[in-house]
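Enquirer: Sequence and computational prediction follow.
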Amino acid sequence: MRVLLVQGYLGRRGVADPLVYPLGLACVASALERAGHAPWIVDPNVADDWVPGLVRAIAQHQPEVVGISLRNLDSANRRDPAVYHTWLEPAIARVRREAPQAPVVLGGPGFTQAARTLMERYACDLGVQAEAEDTLPALLASLDHPERVPGAWWRDGSGRVGRAVDRPMPDLATLPFPRRDHVDWEPWRRLERTAGLSLDVGVETTRGCPRRCAYCTYPYLNGRVLRRKPPSVVADEIAYLHGTFGVERFTFTDSRFNEDPPHARAVCEALVRRRLPVRWTAWLGFDRIDAEFLELMRDAGCERVSFSPDGLLQPSLDRLQKDTTTAEIAASVRAVRRVRGLKASWAFFATPPATSWREQAALAAYYAWIHGTIPGRGRMMLTWCRVEAHTRLEAIAREDGVLPEDADLLPEETAALERLFYVAPGFGGASDAWDRLLDAERAWKAASGRFRTVWCSFLDKDLTKQYLKR
């Protein structure tokens, strides 16, 4: 079958939403091709107007099935709230108009988070729960009987929504190599050249997360069993990206690159042996973090690591169900300081559950410590946690009176989304103070950026020319 795979539309481009290569759709397209289908990917986020791009793709490829992937339901950012899933309504209507015979299948992590609600709200035909490499080919082989396909959602003749049994997560080592040529790269390259935007290309080394962080949906989306990709295959994929598409920077998309430290080390060693001229970033956990491991990552091409401690003192860490300690967080800061050339960031919730004024003071001290002792390389980020379905934080927010019993966790308006971020009771003032700090930080960055631009221009146009005349 001819299958058109459409990346979910975010409605905007820029710093808040960088260009992201649709890794999930590349994996699905490769699995479809192995099953004998003809897939093509279209990303409306790289078009000035998504409608003509989608219409052209349908006219060119004449799809027999259209799959729409929701990578994100919303921005999950309290300081820059945006709802994405409502784009489904005009998108499905346009597909119905241009390809009336093609069933519309929803999928992606955003769909899995709220599958029943999305099936009931939007006029799609079918859905794919969780990872689609096995489910979608099986569904295409049984379109007349989707109820027989584990992992599938469907709508019957009366409009009622049904769901089949869950499908086991696929073995990462048995999946086909994720080719990246089922999509036109030129729109991304054009935006890189003309708009100064960078393309974030993802590579997986593992899937699944055994952790039980109270706010996180990853275990629900990808299971709690860690599935590994052979390090040599990871190196092959990166060599392919660099050699075929000229990719020089990428991101390891694992929830924690070092969830299995020996596996992460083996991946780095494979990259060191290849001597590929690439740079990359990754999220890390705090297990066995030391300068030696970070130096190996740097030597393998890592330019930035990110940590997500979320809480700082033990009461918050424990209520967030984080498998770490305050001492381990401090050790990670000291380890990064010892590794020259490596950048790092630490993300904390501004007012996490079980916070205290002592923790608020400690957060301020950490902000000064990180920015003051790792200048130019270290950054502390403050965020507010979006309450998601299928998480322990949903229950915590209700217990604490932060979330009303009738709250809609899939809002359609920005104002409703803004009410879904956890602010600890009694700490609204602290939350406002962090907001003001981040506003000042943003203003300082903008002003310093303008100053650098003007200063460099001044040096180039004035002093340099004067010296040249001499």
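Expert: The structure has been received and is ready for your questions. Numbers count the residues shown, from 1 in each chain.

Enquirer: what's the pLDDT at the residue nearest to residue 98 when sequence neighbours are not counted?
Expert: Computed as CB to CB, 6 or more residues apart in numbering, the closest residue to residue 98 that is not its neighbour in sequence is residue 58, at 4.4 Å. (Glycine included, C-beta is placed from N, CA and C.) pLDDT, residue 58: 98.

Enquirer: Secondary structure class of residue 58, three-state.
Expert: Under the three-state scheme (DSSP: H, G, I helix; E, B strand; the rest coil), residue 58 adopts helix.

Enquirer: That one is in contact with residue 4, isn't it?
Expert: Yes. With contact defined as CB atoms under 8 Å, residue 58 reaches residue 4; the gap is 6.6 Å.

Enquirer: who has more neighbours, those two?
Expert: Neighbours per residue (other CB atoms under 10 Å) separate residue 58 from residue 4, with residue 4 holding more: 24 against 20.

Enquirer: contacting residues for that one?
Expert: Applying CB atoms under 8 Å, 6 or more residues apart in numbering, one finds that residue 4 lies in contact with 39-40, 42, 57-58, 61, 63, 65-67, 99, 102.

Enquirer: and it, what helix or strand is that in?
Expert: strand 2-7 (DSSP states H and E).

Enquirer: Am I right that residue 105 sits in a strand?
Expert: Yes. Counting by three-state DSSP, residue 105 is located in a strand.

Enquirer: That one touches residue 122, doesn't it?
Expert: No. Residue 105 is not in contact with residue 122 according to CB under 8 Å; the separation is 11.8 Å.

Enquirer: out of the two, which sits in the more crowded spot?
Expert: Taking other CB under 10 Å, residue 105 and residue 122 do not tie; residue 105 has more neighbours (28 against 20).

Enquirer: quick one, what contacts the more buried one?
Expert: For residue 105, the contact set (CB under 8 Å, 6+ apart) comprises 65-68, 124-128, 136, 139.

Enquirer: Tell me the pLDDT of it.
Expert: 98.

Enquirer: I'd like the contacts of residue 105 laid out as CSV, including pLDDT, distance to residue 355 and neighbour count.
Expert: Shown next, in CSV, are the contacts of residue 105 (pLDDT from 0 to 100; distance: CB to CB, whole Å; neighbours: other CB atoms under 10 Å):
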residue, pLDDT, distance to residue 355, neighbour count
65, 98, 48, 24
66, 98, 46, 27
67, 98, 42, 30
68, 98, 39, 24
124, 97, 41, 25
125, 97, 46, 18
126, 98, 43, 22
127, 98, 38, 30
128, 98, 39, 28
136, 98, 43, 28
139, 98, 45, 28
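
Enquirer: Of the residues you listed, just say which sits nearest to residue 154.
Expert: Closest approach to residue 154 among the contacts of residue 105 (CB to CB): residue 126, at 5.4 Å.

Enquirer: now the closest residue to the closest one other than its chain neighbours: how far from residue 88?
Expert: Nearest residue to residue 126 in three dimensions, chain neighbours excluded: residue 105, at 4.5 Å (CB to CB, 6+ apart). Remark: distance between residue 105 and residue 88 (CB to CB, to the nearest Å) = 12 Å.

Enquirer: So for those two, which residues contact both of them?
Expert: By the contact definition CB under 8 Å, 6+ apart, residue 105 and residue 88 are jointly contacted by 68, 124.

Enquirer: show me where pLDDT drops low in the stretch 1-150 of the chain?
Expert: Residues of the stretch 1-150 of the chain that meet the criterion pLDDT under 70 lie in 12-17.

Enquirer: give me every residue that touches the closest residue in space to residue 62 that isn't next to it in sequence.
Expert: Counting by CB to CB, 6+ apart, the nearest residue to residue 62 once its immediate chain neighbours are dropped is residue 2, at 6.0 Å. Contacts for residue 2 (CB under 8 Å, 6+ apart) come out as 37-38, 40, 61-65.

Enquirer: Good, we can wrap up now.
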